[in-house]
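1. what would the 3D arrangement of this be:
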Amino acid sequence: MSQTANKNEIQNYIVDSKYALLTYVRSDLSPISRTIGSYAPDGENLFFSTGKESAKVDEIEKNKRVSFFFEHDNQTPESWKSLLLIGDAEPLTVGSNDYAKAIDRLGAKSPRFRERIAKGDLDSAIIYKVKTSELEYLDRSKGKGPAQKIVAGNK
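-> Numbering: from 1, shown residues only. The predicted model follows:
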């Protein structure tokens, strides 16, 4: 499979995922995972939204390295797929081109986010762009073996 085909398959896997696990590291070096529903791919990168007042915002400000784990429900072992995306989370500035693109992509992916846009209820949210440096894609339907590691162009 070509890199382009792989990247398209990976983007489709992200879009088809209902939720993802965001993992970050707290100041005491404890890894913390949280379920996220407001996310959308942007090429190799990923946009996500969370509440400005959440603890993860303070922790990501101190250590911007995060990971996202995607896994679909009800998979069989012989066709198991999962994706780990690793990169640096950067908050987007309201009014920037990336912010407008993120709003568009997040709204297209998430009905709940679309409702928030319609209500003008984004003041309490912060939107991040994860600049992906590494992807690990596991697809058991193609046989056994380790996850395919892809170094992103942002590294």
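2. once you drop chain neighbours, what's closest to I36?
-> L22 (4.7 Å; CB to CB, 6 or more residues apart in numbering). All C-beta atoms are positioned from the backbone trio N, CA, C, and that covers glycine.
3. return the per-residue confidence for the one you found.
-> Model confidence at L22, given as pLDDT, is 98.
4. list the helices and strands the strand or helix carrying it packs on?
-> Using DSSP states H and E, L22 falls within strand 20-25. If you count contacts as 3 or more CB pairs under 8 Å, 6 or more residues apart in numbering; DSSP states H and E, strand 20-25 packs onto strand 31-36, helix 55-62, strand 65-71.
5. mean pLDDT added to these, as JSON lines?
-> As requested, those are exported to JSON lines (pLDDT from 0 to 100):
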{"stretch": "strand 31-36", "mean pLDDT": "95"}
{"stretch": "helix 55-62", "mean pLDDT": "95"}
{"stretch": "strand 65-71", "mean pLDDT": "97"}
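6. need the winner for burial among the ones you listed.
-> strand 65-71 (a mean of 19; mean count of other CB atoms under 10 Å).
7. show me what that one is packed against.
-> strand 20-25, strand 81-91.
8. need those strands in a markdown table (columns: mean neighbour count and distance to V151).
-> Formatted as a markdown table, the helices and strands packed on strand 65-71 follow (neighbours: other CB atoms under 10 Å; distance: least, CB to CB, whole Å):
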| stretch | mean neighbour count | distance to V151 |
| --- | --- | --- |
| strand 20-25 | 19 | 20 |
| strand 81-91 | 20 | 10 |
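9. for D42, which of the ones you listed is the nearest?
-> D42 sits nearest to strand 81-91 of all the helices and strands packed on strand 65-71, at 11.5 Å, using CB to CB.
10. packing partners of that closest one?
-> Looks like strand 81-91 contacts helix 3-16, strand 45-51, strand 65-71, strand 125-139 (3+ CB pairs under 8 Å, 6+ apart).
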